[in-house]
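In: Next come a sequence and a model predicted from it.
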Amino acid sequence: MEIKGKVALVTGANRGLGKALVQALLAAGAAKVYAGARDPAAVDVTGAQALKLDVTDRATVQAAAARAGDVDIVINNAGICLRGPALGEDAESLIARHLDVNLYGVLRVSEAFAPILGRNGGGALVNVLSVLSFLTIDQVAAYCVSKSAAWALSNVIRLQLKGQDTVVTNVHVGYMDSDMTAGIDAPKTSLRDAAASILDAIESGQPELLIDELSRQVKASLSTQAPAYL
Ligand SMILES: NC(=O)c1ccc[n+]([C@@H]2O[C@H](COP(=O)([O-])OP(=O)(O)OC[C@H]3O[C@@H](n4cnc5c(N)ncnc54)[C@H](OP(=O)(O)O)[C@@H]3O)[C@@H](O)[C@H]2O)c1
């Protein structure tokens, strides 16, 4: 799908990858870009249409869908990543908190926008996942659980939307240079490069995008005797 002339919506668009995606979509000639954010006043990209959208709040998701009935491209980007153990007193609430944003947020937005994409000819639905959909590290256990579940959800949504010609793209990436990885000393993909790769994947209709070498290596290991998650 050519991005030029299309209408797009990005969740979590006030900073990080979401903001970079809004900028890249506008630079690529999108006719309109809705920048969804919990606080629309925090959206500071010239030319973007700020839209209140908290993915944990069904009412704001539905209000956003009522306003953005012209979208061709929806990018589920909003996400949280908090540190904490997989087992223990706080584990259940931490996992629930991650699922609310990283899994049910994707579900709420996809449910609300799928009929719109269908009416507008199919379009594209992009789900920003992680290398941690394939791999678990215990410092951010709840995040890994949520991104693994979101990977499964995205694959199910692809099957369900096949009949209406919506291309669903799973995006996996290791470290990107955003607030989420502040303080982590590791090679990071720039937000601009990550956004450019995602736009290329939309244009070529790819069902899966592995942005960086880490994602590619971990994914490749899954079919070996020593998969990364072991
Ligand atoms: N950074 C990485 O290394 C990395 C790696 C793999 C995957 N990812 C994924 O990439 C995506 C973007 O992450 P990022 O690196 O740009 O993180 P970020 O800089 O922390 O930005 C996260 C964005 O999500 C928004 N958000 C959080 N909860 C929300 C909610 N309930 N409703 C709507 N928006 C909400 C935040 O809004 P507020 O400003 O209101 O909090 C913010 O705009 C996420 O899905 C993340 O899991 C990131």
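Out: Received, thanks.
In: for stretch 215-225, which positions count as buried?
Out: Neighbour-count burial for stretch 215-225 flags 215, 218-219, 221 (criterion: 16 or more other C-beta atoms under 10 Å). (Glycine included, C-beta is placed from N, CA and C.)
In: now do stretch 83-94
Out: 84, 94.
In: ok, so of the buried residues of stretch 215-225, who is nearest residue 193?
Out: Lowest distance from residue 193 to these (C-beta to C-beta) belongs to residue 215, with 13.3 Å.
In: Just the residues contacting the longest helix along the chain, thanks.
Out: As assigned by DSSP state H, the longest helix anywhere in the chain is helix 141-161. Outside helix 141-161, the residues that touch it by C-beta atoms under 8 Å, 6 or more residues apart in numbering are 80-82, 84-86, 91, 94-95, 97-99, 101-103, 106-107, 110, 114, 117-118, 125, 127, 129-130, 132-137, 168, 170, 207.
In: let's see 7 Å
Out: For helix 141-161, the surrounding residues in contact (C-beta atoms under 7 Å, 6 or more residues apart in numbering) are 81-82, 84-86, 94-95, 98-99, 102-103, 106-107, 110, 114, 125, 127, 129-130, 132-133, 136-137, 168, 170, 207.
In: Can you go through these and name the buried ones?
Out: Buried, going by 16+ other C-beta under 10 Å: 81, 84, 94-95, 98-99, 102-103, 106-107, 110, 114, 125, 127, 129-130, 132-133, 136, 168, 170, out of the contacts of helix 141-161.
In: For stretch 96-104, the averaged confidence score.
Out: Taken as a whole, stretch 96-104 carries a mean pLDDT of 98.
In: End to end on it, go ahead and measure it.
Out: In stretch 96-104, first residue to last residue: 10 Å (C-alpha to C-alpha, to the nearest Å).
In: what about it, near the ligand?
Out: Yes: shown here: stretch 96-104 in contact with the ligand (C-beta under 6 Å from any ligand atom) through residue 101.
In: next one: stretch 126-145
Out: Yes: using C-beta under 6 Å from any ligand atom, we find that stretch 126-145 touches the ligand at 128, 130.
In: taking the mean pLDDT, what do you get for that stretch?
Out: 97.
In: what does this structure put close to the ligand?
Out: Residues of the chain that fall close to the ligand, judged by C-beta under 6 Å from any ligand atom: 11-12, 14-18, 38-39, 53-56, 77-81, 101, 128, 130, 173, 175-176, 178-181.
In: Please pick the buried ones from the residues you listed.
Out: Neighbour counting with 16+ other C-beta under 10 Å marks 11-12, 14-18, 38, 53-55, 77-81, 101, 128, 130, 173, 175-176, 178, 180 as buried within those.
In: Next step: those restricted to helices.
Out: Those of these lying in helices (DSSP H): 16-18.
In: before we move on, the earlier item: so which of the buried residues of stretch 215-225 is the closest to the ligand?
Out: Within the buried residues of stretch 215-225, distances to the ligand taken as C-beta to the nearest ligand atom reach their minimum at residue 215, with 8.6 Å.
In: can you map out the strands along the chain?
Out: Counting by DSSP state E, the chain has strands at residues 7-10, 32-37, 49-52, 73-76, 124-128, 167-172, 208-210.
In: ok, and the closest non-adjacent residue to residue 91?
Out: residue 85 (5.9 Å; C-beta to C-beta, 6 or more residues apart in numbering).
In: so who does the one you found touch?
Out: Contacts of residue 85 by C-beta under 7 Å, 6+ apart are 91, 138, 141.
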